[in-house]
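Q: the sequence and its predicted three-dimensional model are supplied below.
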Amino acid sequence: MNKKNIIILKLRKLTKFSILLCKKALTINKWDIKKSIEYLRKKFKSKLKNNNYKINNGIVLSKINKKKNIGVIIKINVNSDFIINNINFKNFIKKIIKISFKSNINNIKDLLKNSIVKNEILDKNIMFKDTIIISNFYKIKCDYINNYNHHNYKFSSIVGLKINYKNIYNLNYNFIYYISKNIAIYIIINNLIINNKKFLIKLNKYFFSKEFFINNKKIFYKFKYNHKKFLYIFKNNIKIKYFKYYLIN
């Protein structure tokens with residue numbers, strides 16, 4: 001196999017365009033792969049479907065860092081549901097999530113301005129001949145963060161807790177993990193899509209209420225706390241600071 005054929009196959013692998021189109025792009029751009037990719041992007045950008053309509057398929061995913069103090073939740077919509085299980089689509093999501101943890105990205109505007117993200121979205125639109133858009137993105141920075149992804153990735157939630165470090169001797173992180181996971185799951189089960197301060201106060205009140213303690217007796221058995229001690233630890237050490245919930249719709 002000669003050198004030119006190797007370059008053609010490499011470009012095809014990168015872009016998923018036909019061999020004839022790859023050869024044409026490389027010939028025009030003097031066999032420069034980077035210039036050829038840009039050429040193909042510009043050529044086919046205008047042929048993509050219009051993104052300005054509602055698409056109800058896609059995936060919702062939340063992730064947290066190893067320190068559990070930064071978390072992201074992202075909603076990616078697609079026109080056709082069949083591409084969701086494609087390995088290239090999964091790798092695309094992983095790449096976007098990884099970029100979203102960068103310090104200069106704090107909201108959806110920052111994410112969509114990122115040149116790598118823009119090119120990745122365009123490339124995947126071209127590759128799948130479909131509409132792929134990042135419709136929602138949220139980033140949390142807090143003392144302790146936990147998340148919950150439903151198994152089909154159609155629902156996801158993320159919760160940020162404020163920890164009172166003055167009383168840290170009363171806490172253990174298994175307790176914090178268990179509570180935050182419980183909150184994240186509760187948000188999904190009850191479809192709590194109202195994301196505002198008033199509702200956050202209501203959510204805090206619920207987790208301090210007798211109803212929560214009665215319904216979650218297993219927490220007492222797990223940590224061997226009585227009702228009063230548990231309530232004291234929770235009220236004096238943990239506050240639900242942020243939460244976000246997305247579903248595909």
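A: Thanks, I have the structure now. Numbering: from 1, shown residues only.
Q: tell me which other helices or strands the strand or helix carrying residue 139 touches.
A: Residue 139 is part of strand 132-141, with elements assigned from DSSP states H and E. Other helices and strands packing on strand 132-141, by 3 or more Cβ pairs under 8 Å, 6 or more residues apart in numbering; DSSP states H and E, are strand 70-78, helix 87-100, helix 108-113, helix 115-128, strand 155-163, strand 238-247. Backbone N, C-alpha and C define where each C-beta goes, glycine included.
Q: among the helices and strands of this structure, which has the poorest mean pLDDT?
A: helix 217-223 (a mean of 63; mean pLDDT, DSSP states H and E).
Q: surely residue 140 and residue 160 touch.
A: Yes - at 4.5 Å, residue 140 counts as touching residue 160 under the criterion of Cβ atoms under 8 Å.
Q: any idea how this protein splits into domains?
A: Per automatic domain parsing, the domain ranges recorded for the chain read 3-45, 49-141, 146-249.
Q: the more surrounded of residue 140 and residue 160?
A: The neighbour count for residue 140 versus residue 160, taken as other Cβ atoms under 10 Å, is higher for residue 160 (24 against 20).
Q: so what would you say the end-to-end distance of stretch 185-205 is?
A: 17 Å (Cα to Cα, to the nearest Å).
Q: and for residue 140 and residue 160, which residues touch both?
A: 71, 242 (Cβ atoms under 8 Å, 6 or more residues apart in numbering).
Q: what about the protein, any weak spots by pLDDT?
A: Applying pLDDT under 70 to the chain flags the ranges 1, 45-54, 165-172, 191-197, 208, 210-228, 230.
Q: spit out the contact partners of the spatially closest residue to residue 33 that is not a sequence neighbour.
A: Closest residue to residue 33 apart from its sequence neighbours, by Cβ to Cβ, 6 or more residues apart in numbering: residue 11 at 5.8 Å. Residues in contact with residue 11 (Cβ under 8 Å, 6+ apart) are 17, 22, 25-26, 33, 36-37.
Q: repeat that for 7 Å
A: 22, 26, 33, 36 (Cβ atoms under 7 Å, 6 or more residues apart in numbering).
Q: what sits against the last one?
A: Each residue near residue 36 by Cβ under 7 Å, 6+ apart is listed here: 11, 25-26, 29.
Q: relative to residue 71, which of the residues you listed is nearest.
A: residue 11 (37.3 Å; Cβ to Cβ).
Q: if I look at the closest one, how far off is residue 28?
A: For residue 11, the distance to residue 28 equals 12 Å [Cβ to Cβ, to the nearest Å].
Q: one more: residue 4?
A: The gap separating residue 4 from residue 28 is 14 Å, by Cβ to Cβ.
Q: quick one on the thing from earlier: quickly find the element holding the residue nearest to residue 33.
A: helix 3-15.
Q: could you point out which element follows that helix?
A: Going down the chain from helix 3-15, the next helix or strand is helix 19-28, by DSSP H and E.
Q: list the buried residues of that next one.
A: Neighbour counts over helix 19-28 (16 or more other Cβ atoms under 10 Å) mark 21-26 as buried.
Q: from the residues you listed, which is closest to residue 79?
A: residue 21 (22.6 Å).
Q: mind listing what that closest one touches?
A: residue 40.
Q: repeat for residue 163
A: Contacts of residue 163 (Cβ under 7 Å, 6+ apart): 143-144, 237-238.
Q: check residue 106 too.
A: By Cβ under 7 Å, 6+ apart, the contact set of residue 106 is residue 139.
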